[in-house]
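A.B. asks: Need a 3D model of the following:
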Amino acid sequence: MRVLAILFFLVGFFTIIQLVRRRQLKEKYAILWLLLCTVTLVLLFFPRLLFRAAEIVGVQVPANLLFAVTLALLAGILVHLSWESSRTEERTRRLAEEVALLRLRCAILEGAIATSQASDDQPDDSGSTASSDAPKSCIERLPTQMRDGNGDNPKDDSNR
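C.D. replies: Numbers count the residues shown, from 1 in each chain. Predicted structure coming up:
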């Protein structure tokens, strides 16, 4: 049974390390999971620690203490992730508002450029027209991802 537990520990440990290396898991979360893996490994080799902790706390069955501590840790992780999710949602909303304002500003500038170009296309005294090689739209100058309203870069898998 210990061999199987050690195998699970090693798989979990190296999976977390690989996720951090690929930038799919932030270091602050990796430290938590690596710490939990290490505590589990210590309890695997020294089960008397759990029995002693249960005596100190006053729990009769050590497994109940382990479940209670695990439940408390998971509840803490859930609260933290909910907080992170709320912060991310607020940032996303604020960025969407900023993009909308920038697009409106761009449209206003395009209108001013079009009006300016229309007056420049009028023949002058010599009979020639002034022509500009400027782009027709400031939207055309934006990267494809921004024009489509998609901020994800398809070539960059580190954000996924």
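
A.B. asks: Tell me the spacing between residue 88 and residue 3.
C.D. replies: Going from residue 88 to residue 3 by C-beta to C-beta, to the nearest Å gives 41 Å. Quick note: C-beta positions are derived from backbone N, CA and C, even for glycine.

A.B. asks: out of those two, which sits in the busier spot?
C.D. replies: Ranked by neighbour count (other C-beta atoms under 10 Å), residue 88 and residue 3 place residue 88 first, with 10 against 7.

A.B. asks: Could you report the neighbour count for residue 60?
C.D. replies: So residue 60, with other C-beta under 10 Å, has 8 neighbours.

A.B. asks: Spell out the secondary structure type for it.
C.D. replies: Assigned by DSSP: H, G, I helix; E, B strand; the rest coil, the conformation of residue 60 is coil.

A.B. asks: Can you give me the distance of residue 119 to residue 113?
C.D. replies: Taken as C-beta to C-beta, the span from residue 119 to residue 113 is 11 Å.

A.B. asks: quick one, which of those two is more surrounded?
C.D. replies: Legend: neighbour count by other C-beta under 10 Å for residue 119 and residue 113, higher for residue 113 (16 against 9).

A.B. asks: In which helix or strand does the more buried one reside?
C.D. replies: In this structure, residue 113 sits in helix 62-120 according to DSSP states H and E.

A.B. asks: Who are the packing partners of that helix?
C.D. replies: Where contact means 3 or more C-beta pairs under 8 Å, 6 or more residues apart in numbering; DSSP states H and E, helix 62-120 is packed against helix 27-45, helix 48-57.

A.B. asks: mind running it again at 10 Å?
C.D. replies: Contacts defined by 3 or more C-beta pairs under 10 Å, 6 or more residues apart in numbering; DSSP states H and E place helix 62-120 against helix 27-45, helix 48-57, helix 144-147.

A.B. asks: Relative to residue 106, which of those is closest?
C.D. replies: Nearest to residue 106, of all these, is helix 144-147, at 10.8 Å by C-beta to C-beta.
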